[in-house]
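# heads up, no residue letters with this:
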């Protein structure tokens, strides 16, 4: 039988190699590519190649990012 953490690990593994916004509440939002998921910890790499390790139990919401490199207000 799966626990909540086990189910979340399984879901996060399906995003491996994809870019996510990870919301941990109170303004803590991490953006990066999913590198690994193991033992209740999500490992993501941001665009500067900085690795973040996030406790799965602290994640409130996930949003998959689009690959669009343009930003409003900037001329490409």
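Cool, the structure landed. All figures in this text were calculated on a predicted structure; none of them were measured in a lab. Numbering: from 1, shown residues only.
# what about the helices in this structure?
Here the chain has its helices, by DSSP state H, at 4-13.
# for it, where's the lowest mean pLDDT among helices and strands?
For the chain, scoring each helix and strand by mean pLDDT, DSSP states H and E identifies helix 4-13 as the least confident one, at a mean of 90.
# show me where pLDDT drops low in the chain?
By pLDDT under 70, the weakly predicted segments of the chain are 1-2, 67-76.
# so where's the longest strand in the chain?
The longest strand of the chain (DSSP state E) is strand 29-38.
# Which positions in it come out as buried?
Neighbour-count burial for strand 29-38, counted by 16 or more other Cβ atoms under 10 Å, picks out 32-34, 37. To be clear about C-beta, it is placed using only N, CA and C from the backbone, and glycine gets the same treatment.
# Check the offset of that strand from the chain's centre.
Computed by Cα atoms, centre = their mean, to the nearest Å, the chain-centroid distance of strand 29-38 equals 4 Å.
# With stretch 53-61 instead?
Distance of stretch 53-61 from its chain centroid, counting by Cα atoms, centre = their mean, is 9 Å.
# gap between the two ends of that stretch?
With Cα to Cα, to the nearest Å as the measure, stretch 53-61 spans 16 Å from end to end.
# Equivalent analysis for stretch 18-28, please.
20 Å.
# Return the set of buried residues in it.
By neighbour count with 16+ other Cβ under 10 Å, stretch 18-28 contains the buried residues 19-20, 22-23.
# for stretch 7-19, same thing?
8-9, 12, 15, 19.
# Take those residues and lay them out in a markdown table including distance to residue 55.
Converted to a markdown table, those look like this (distance: Cβ to Cβ, whole Å):
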| residue | distance to residue 55 |
| --- | --- |
| 8 | 11 |
| 9 | 12 |
| 12 | 12 |
| 15 | 17 |
| 19 | 20 |
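# Among those residues, which one lies nearest to residue 60?
Set against residue 60, the nearest of these by Cβ to Cβ is residue 8 (11.2 Å).
# There's contact between the closest one and residue 55 in this structure, I believe.
No: using Cβ atoms under 8 Å as the test, residue 8 is too far from residue 55 to be in contact (10.6 Å).
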